[in-house]
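Peer 1: sequence plus the predicted model coming up.
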Amino acid sequence: MKLITFKNPKNKIRIGWIVGNQVVDMKLADKRLPATMLAFIDNHEKYFKIIHDLGTPTTHYELSAVQLLAPLPNPRSFRDYIGFERHMLNASKSFGHAIAPEWYQMPIFYFTNHQAICGPNDAIKRPATETRMDLELEMACIIGKKGKNIKTAAAQSYIFGYTVFNDFTARAIQSREMKAPLGPHKGKDFANSIGPCIVTSDEMQQYMQPDNRLNVRMLSRINGTTICDGNYNTVHYTFGQMIERASENDVHLMPGDILGSGTVGWGSLVENNFAIHRPLEPGDVVELEIEGIGILKNTII
């Protein structure tokens with residue numbers, strides 16, 4: 001199921017799901033269904049049963065007639081990992097340092113700004129002092145149930161679904177602040193774009209390999225030109241390993257938490273020191289596409 005948050009033709013914010021080129025409005029489908037995506041995720045087993053019992057639902061809008069928003073506009077938290085070795089190798093070379101041995105010992109993450117959530121077709125404002133704005137092509141998973149000390153082998157059952165994630169980054173700001181050993185902060189907290197939908201975990205199972213790596217193509221385009229053509233199955237650390245790391249030491253993961261995969265190899269401009277494309281500027285149109293999920297499009301202003 002492809003779940004969405006959207007504005008209907010009357011400019012009201014609703015949630016629902018996509019059926020072909022049509023949209024089902026949850027509240028119009030059944031009044032027992034919730035009005036927000038976070039509420040749906042909190043009790044999704046109950047709500048999926050209601051939807052299942054509806055049979056073939058009546059659709060309410062043409063997809064082209066609604067405005068897609070960030071599918072989960074208010075995540076409870078947002079951890080972003082560095083899961084791809086190729087990205088680490090490339091970015092480390094551009095920044096002039098080596099990969100720390102600790103990266104190979106555990107999945108590394110930081111908490112990003114869960115209050116700076118953007119969605120499909122949103123305009124992304126370049127920070128006023130930034131000169132090297134970058135994109136990052138990532139997948140994200142959404143946690144579906146509460147848990148702590150979750151082992152990798154059991155982690156898949158905690159994943160509610162997946163979405164496309166663009167971790168917009170201010171590289172000039174980041175390059176200065178990363179000289180202090182505290183991780184990224186102001187270079188990362190101005191725009192986290194997700195969408196266009198959340199694809200439920202069961203629907204993505206068709207792409208799952210035996211090693212729990214999704215075999216899905218990941219692409220980025222700037223102004224229609226392909227910049228990166230990769231695959232999630234090149235990831236070093238799986239979402240299951242990330243969930244284990246995040247939940248260890250009695251830390252609770254909650255429904256509606258988001259975990260970013262990290263950038264697929266060559267999925268950011270800094271990896272070749274902006275040789276393949278100049279830094280992002282106002283007017284640039286950025287598209288990220290992940291097989292099975294869709295296209296997340298944003299314009300820089």
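Peer 2: Looks like it arrived, so ask away.
Peer 1: switch to C-alpha atoms for all contacts and neighbour counts from now on
Peer 2: OK.
Peer 1: please name the bridge partners of residue 15.
Peer 2: Judged by DSSP bridges, the bridge partners of residue 15 are residue 5.
Peer 1: that one - how many residues pack around it?
Peer 2: Number of residues near residue 15 (other CA atoms under 10 Å) recorded here: 25.
Peer 1: which of the three states applies to residue 127?
Peer 2: Residue 127 falls in the coil class when you classify it by DSSP: H, G, I helix; E, B strand; the rest coil.
Peer 1: correct me, but it touches residue 170?
Peer 2: Yes - applying CA atoms under 8 Å, one finds residue 127 in contact with residue 170, separated by 7.4 Å.
Peer 1: more crowded one of those two?
Peer 2: Set side by side, residue 127 and residue 170 show unequal neighbour counts under other CA under 10 Å, the larger going to residue 170 at 25 against 16.
Peer 1: contact partners for that one?
Peer 2: For residue 170, the contacting residues are 127, 130-134, 186-188, taking CA atoms under 8 Å, 6 or more residues apart in numbering as the criterion.
Peer 1: what segments of the stretch 151-300 of the chain are helices?
Peer 2: 171-177, 201-204, 239-247 (DSSP state H, counting those that start in this stretch).
Peer 1: okay, the ones you listed, which one's buried deepest?
Peer 2: Each of those was given a mean neighbour count from mean count of other CA atoms under 10 Å, and the largest, a mean of 22, is that of helix 239-247.
Peer 1: CA atoms of that one as PDB?
Peer 2: Presented in PDB, the C-alpha positions along helix 239-247 are these (Å, rounded to 0.1, in the frame of the first residue of the first chain):
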ATOM      1  CA  PHE A 239      18.100  -1.200   8.300                       C
ATOM      2  CA  GLY A 240      18.000  -4.200  10.600                       C
ATOM      3  CA  GLN A 241      21.500  -3.500  11.900                       C
ATOM      4  CA  MET A 242      20.600   0.200  12.200                       C
ATOM      5  CA  ILE A 243      17.600  -0.600  14.300                       C
ATOM      6  CA  GLU A 244      19.700  -2.800  16.600                       C
ATOM      7  CA  ARG A 245      22.200  -0.100  17.100                       C
ATOM      8  CA  ALA A 246      19.600   2.600  17.700                       C
ATOM      9  CA  SER A 247      17.600   0.500  20.300                       C
END
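Peer 1: before we move on, back to that, residue 98: which of the helices of the stretch 151-300 of the chain is closest?
Peer 2: For residue 98, the closest of the helices of the stretch 151-300 of the chain is helix 171-177, at 14.7 Å, according to CA to CA.
Peer 1: so how far is that closest one off the chain centroid?
Peer 2: In this view, helix 171-177 has its centroid 22 Å away from the chain centroid, taken as CA atoms, centre = their mean, to the nearest Å.
Peer 1: output the contacting helices and strands for it.
Peer 2: If you count contacts as 3 or more CA pairs under 8 Å, 6 or more residues apart in numbering; DSSP states H and E, helix 171-177 packs onto strand 133-134.
Peer 1: show the subsequent helix or strand relative to the strand it packs on.
Peer 2: Secondary structure here is assigned by DSSP states H and E; on that basis, the next helix or strand after strand 133-134 toward the C-terminus is strand 137-143.
Peer 1: what is the rounded mean pLDDT of that next one?
Peer 2: The pLDDT scores in strand 137-143 average 98.
Peer 1: how is this protein divided into domains?
Peer 2: 2-69, 77-300 (automatic domain parsing).
Peer 1: with respect to burial, which of those domains scores highest?
Peer 2: Taking mean count of other CA under 10 Å, domain 77-300 is the most buried of the domains of the chain, at a mean of 19.
Peer 1: pull the distance from that one to the chain's centre.
Peer 2: Computed by CA atoms, centre = their mean, the separation of domain 77-300 from the middle of its chain amounts to 6 Å.
Peer 1: now do that domain: distance from first to last residue.
Peer 2: From its first residue to its last, domain 77-300 covers 25 Å (CA to CA, to the nearest Å).
Peer 1: separation between residue 70 and residue 286?
Peer 2: Here the distance between residue 70 and residue 286 works out to 16 Å (CA to CA).
Peer 1: got the contact list for the helix or strand of the chain with the lowest mean pLDDT?
Peer 2: For the chain, the helix or strand with the lowest mean confidence is helix 171-177, at a mean of 86 (criterion: mean pLDDT, DSSP states H and E). Defining contact as CA under 8 Å, 6+ apart, one finds that helix 171-177 is touched by 95, 130-134, 183-188, 270.
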